[in-house]
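Trainee: how would this look folded up:
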Amino acid sequence: MTKKLSAAIVALLFSQLYFSQEKTNSETKEKQIEGVVITKTKKAVEQKADRTIFDFSEQESLNTGSAMEGIKKLPGLVATDIAGMMYQGKMLEVYLNGRPLNISSNDLNSFLEGMPANSIERIEVITQPGAEFPASSGGAIMNIITNKNANKYLTATYSGNYAFTNDDKFRSRTNNSLSLNARNKYFGWQLRVGQSYREGEMMSNQDNLVFSNTERVSRGAFAKAGITVDLNYDKLLLNYDIYHNNNDNTTSSNGSYLLPTAGLNQYTALDAANTNNLRQEIVATYQKRFDDKNKKLDFEAGYSRADNAFYQDNIYNRSTLLGDLNLGRYLDNTSLMQVSNFKVDFSQPIKILDEGKISLGGLYEHQMFDTESEGITNLEYERNTASSYVEFQTKWKKFDFTLGTRAENYDISGTTRLRDENGILQEGELTPFNKFKLFPNASVQYSFMNQLYLAFNYNKKITLPSISALNPNNNTFEGPNSTNIGNPYLQPTIYDNFEIKLSAFDYAFIGYNVSSINNQVAQSLSREGDVIKNEQVNIPNMRIHNFNIGLPVPFMIFTQPLSEIMKMNFNADKINFLYVYAGYMKHEIKEIDPKGMWIVNLMAQVILPQNIKMTANYNVLSKRAGFYYFESEQPFNNSFDVTFAKKFMNDRLTLSVYGKDLFNTQETQLHSRPITGQAVFLYNKTDTRNFGFSVNYKIPTKNKLAKEDSNLLNNDKKEDTGMVPLP
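Mentor: Now for the predicted structure:
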């Protein structure tokens, strides 16, 4: 059976090579014939030397529900409230259409939960960011691509989704979006609008001191507009995005805390909170093109603004010692983030060995972040970053080489105004960070044959503390015996990343990477007496080791003789198969020596009668797994999802029905391992089990047969984000 399985997998992989070569040859011939239209076939997963690309637009198991629900299903990606987002052991910096979001933690989760998954075209996980990307990309980048290419005349697509939970209470979740695209001889435009509504529940236990139940109502709306003007060979692109989230929480809690003069106090409380976020961004890009299509010069200027307001009101507080109280407004916090930047990118071919290319450019970015609490400005943060880069790429026989470096100069400063233990306002200066640093990168890739290669990579990166972690008002709930604060004195994190990876035909790979990290930012949860403290800290020195493997297993090995399988020409996207991903991650922290974590993802695709596609996903992280200052008590992110999808009306209409977390097993049980203070047990359970259906309908318009304009496709290493790159 082992030999048969191995041979079948080899046959599957070689068939991919056959089809990819056949497609390349046919495309080459078609491009020589005037008037022939080229239609590009999308792949569910595509491996490149520096990134892995996951297609969302054609995978119903990913594009139903919220963006966060789809992201959690990606093999090798871990997304949790505690550990943040990691891919194959690397912390992820989240980008939207090629530009950093500049948000994290609670704001990021809220943003992704409010974004419909059907608004995503694809997600690129860039595991080896080159010198062209800011050094602050850290270990890796998750680039969410939401836009599509504009077509001739008008195209319109509607996407909708409805789901409900069936735990103790019926709760609804819905999202809708409409996308309009058009272009003519002179310009193209795109408009996408959408909304989301989500009801949810979270039950929590913090070390048997606080028991809480939170009812959540999240509302989101967005609009994305873009226009591109053709100026002979050149293009001018203008984009405007706006996202709005309005979330209400009602939390009932009970617990105990110690009063210095009266002893142990039992309480029951009800609190109401509201979070209101408004994010806007405008970007202008001028693309200069030359007779040599491989020579490019781009100028881009952008400005983004994010306004956030949060308050928490105590409706009542019933105390065994103090009676019934109304404590009024606990929290009243606001923040304003503004980022402006300008960058230049240039590339052209040069003769290095067999062939080569040089890329260079520069970036200047200015960020301001101010926070207020009860009308008092308690943080004024300012960052100026100036950078430039140069990168060489060359080929020699079967080898591909990349060598580059990025120079960045940081000027970070600010002031804080915080109250001490006596309630007196104290003003202080942030620890300044004024440094000039070089961030080199290098990679060597050897191609055994087309789409079968072995790669070695190294890069040095930095991660600046997120504004969420710096914000002293970073608090979503406050009670008598719990505090949750930001840390404005966090220092940047420096990474040295090493990787070796063997990839075969997009679907199969095996790899190992290790990161040596200084000043990693991590969450610390500790207890002193009857008070639980949640804060952000720097880990002085640590390493992250990650071993991972991905392998497709075609089901035909159980029904077809090996001799027949070897004769078949089949496409992995059209057959029944099981995709297996397994990873082992070890955080090496001397002070606590956490245990390793196993990550398993199984995805099965089965083509049923009437061309109904069934997709099943199972995800689990092992128990007793350590990550930063936490260790899991039970399996983490444990869930099983099923989706059934069918296309109608010449593929214009796609209907899907699904169930997520069918066995209701996704929950968090862990304990902290702080350097100081007592450990804390933490339990969280949300209503993750839900059922629903989704609709995707390409509305008939004048251009029923419109196809992608092939001359806009970019086959260069740096991916185009489409005709109108909405940032």
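Trainee: drop to CA atoms for contacts and neighbour counts, all remaining ones
Mentor: Noted.
Trainee: the helices in the stretch 51-200 of the chain, which residues?
Mentor: Under the criterion DSSP state H, counting those that start in this stretch, helices of the stretch 51-200 of the chain are mapped to 67-71, 105-114.
Trainee: mean pLDDT for those helices: which is lowest?
Mentor: If the helices of the stretch 51-200 of the chain are sorted by mean pLDDT, helix 105-114 sits at the bottom with a mean of 67.
Trainee: in which helix or strand does Leu379 reside?
Mentor: Under the criterion of DSSP states H and E, Leu379 resides in strand 376-396.
Trainee: residues near Lys501, how many?
Mentor: Using other CA atoms under 10 Å, Lys501 has 19 neighbouring residues.
Trainee: got it, and the one 3 residues further on?
Mentor: By the criterion of other CA under 10 Å, Ala504 has 23 neighbours.
Trainee: tilt between whichever strand or helix holds Gln445 and strand 376-396?
Mentor: Assessed by DSSP H and E, Gln445 sits inside strand 433-449. Here strand 433-449 runs at an angle of 30 degrees relative to strand 376-396 (axes from the mean of the first three to the mean of the last three CA atoms, to 10 degrees).
Trainee: name every strand pairing with strand 433-449 and say which way it goes.
Mentor: Sheet pairing of strand 433-449 (DSSP bridges) gives strand 399-419 (antiparallel), strand 452-463 (antiparallel).
Trainee: what's the mean pLDDT across it?
Mentor: 91.
Trainee: residues making contact with it?
Mentor: 49, 130-131, 135, 398-413, 453-461 (CA atoms under 8 Å, 6 or more residues apart in numbering).
Trainee: run the last query once more with 7 Å
Mentor: Residues from elsewhere that reach strand 433-449 (CA atoms under 7 Å, 6 or more residues apart in numbering): 130-131, 135, 398-413, 453-461.
Trainee: then stretch 345-357?
Mentor: 294-299, 358-362, 392-396.
Trainee: what's the farthest-apart pair in the residues you listed?
Mentor: The distance between the two most remote of the contacts of stretch 345-357 (CA to CA) is 31.7 Å, for Phe299 and Trp396.
Trainee: which one of the two has more residues nearby?
Mentor: Phe299 (17 against 13).
Trainee: contacts only, for the more buried one.
Mentor: Counted by CA under 7 Å, 6+ apart, Phe299 has contacts Thr285, Tyr286, Gln287, Lys343, Val344, Asp345.
Trainee: take those and write them to CSV, including distance to Ser388.
Mentor: What follows is those, written out as CSV (distance: CA to CA, whole Å):
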residue, distance to Ser388
Thr285, 18
Tyr286, 19
Gln287, 19
Lys343, 9
Val344, 9
Asp345, 10
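Trainee: including secondary structure, pLDDT and neighbour count, could the residues you listed go into TSV?
Mentor: Compiled in TSV, the contacts of Phe299 are given as follows (DSSP: H, G, I helix; E, B strand; the rest coil; pLDDT from 0 to 100; neighbours: other CA atoms under 10 Å):
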residue	secondary structure	pLDDT	neighbour count
Thr285	strand	93	20
Tyr286	strand	94	19
Gln287	strand	91	17
Lys343	strand	94	18
Val344	strand	95	17
Asp345	strand	94	19
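Trainee: farthest pair within these?
Mentor: Of all pairs drawn from the contacts of Phe299, the greatest distance, 12.0 Å, lies between Gln287 and Lys343 (CA to CA).
Trainee: look up which residues are beta-bridged to the closest residue to Lys343 other than its chain neighbours.
Mentor: Nearest residue to Lys343 in three dimensions, chain neighbours excluded: Leu363, at 4.2 Å (CA to CA, 6 or more residues apart in numbering). Beta-bridge pairing for Leu363 (DSSP bridges): Lys343, Ser387.
Trainee: no more questions from me, cheers.
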